[in-house]
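Chemist: here is my input, please return the structure:
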Amino acid sequence: MRMSIDGKAPFISYAVHVLVVMFAVSACTHGAGVNSEVSTEAGHRAAIAAASRAFSDAYVRNDMAALGMVYTSDAVLLPPDREVRGREAIMRYFSWGPKFRQIAHRMEPSEVVINGNVAIDSGMWHSTNVRGDAEPSTATGRYLVVWIRESDGEWRMKYDIWHRPVPPAQ
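Modeler: Reported below is the predicted structural model:
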């Protein structure tokens, strides 16, 4: 496993960085330019869950325009061993290649913490896909998403981090 400068695993370093950024952004954006209509925490949670489902639905349909709209224009995707910056690059990353088909995808949150216009969503992802003529393959792993409530009132992913499932012990 690659280690960061501070000796921690890269995922942990990114997570700590994301948390610091979340509170800084929240302090700067709380109430600034965002729809001023009164919203409840339950309403924000429902909107984030709907945006998460919109991502999964768009991915299964291979609808990159819809998928892209779930991310901020300057979003950062941190899949294992990569860094993808910007909505256009993220759309290219998720676009199906030849002989690939995404059958199912969902994100199952275990915790959502909302602070103003920023939310941290962590949980499990579940994915089933087919490559070529192979049997469908299903995997599950952990994710961490930082959502930003933008000036149009929509919740969009700013940081999207996940890792592959740990292989079973042999």
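Chemist: ok, Gly123 touching Thr140?
Modeler: No - between Gly123 and Thr140 there is no contact under C-beta atoms under 8 Å: 10.5 Å. C-beta: built from backbone N, CA, C; applies to glycine.
Chemist: what do the two both touch?
Modeler: In terms of C-beta atoms under 8 Å, 6 or more residues apart in numbering, Gly123 and Thr140 are not both contacted by any residue.
Chemist: more neighbours: which of those two?
Modeler: More neighbours surround Gly123 than the other of Gly123 and Thr140, with 17 against 13 (other C-beta atoms under 10 Å).
Chemist: ok, that one - contacts?
Modeler: Here Gly123 is in contact with 107-111, 142-143 (C-beta under 8 Å, 6+ apart).
Chemist: check Glu154 too.
Modeler: By C-beta under 8 Å, 6+ apart, Glu154 lies in contact with 47, 51.
Chemist: next one: it from Asp121, what distance?
Modeler: 15 Å (C-beta to C-beta, to the nearest Å).
Chemist: and Thr138, by the same measure?
Modeler: 22 Å.
Chemist: who's more crowded, those two?
Modeler: Asp121 (24 against 12).
Chemist: return the distance of the spatially most central residue of the chain relative to Trp96.
Modeler: Nearest to the mean C-alpha position of the chain, by C-alpha atoms, centre = their mean, lies Asp160 at 3.4 Å. For Asp160, the distance to Trp96 (C-beta to C-beta) stands at 18 Å.
Chemist: same check, this time on Val60
Modeler: From Val60 across to Trp96, the span is 10 Å (C-beta to C-beta).
Chemist: and the longest strand belonging to the chain, what other elements does it pack with?
Modeler: The residue-count maximum for a strand in the chain (DSSP state E) belongs to strand 100-115. Contacts defined by 3 or more C-beta pairs under 8 Å, 6 or more residues apart in numbering; DSSP states H and E place strand 100-115 against helix 10-29, helix 41-61, strand 118-131, strand 137-149.
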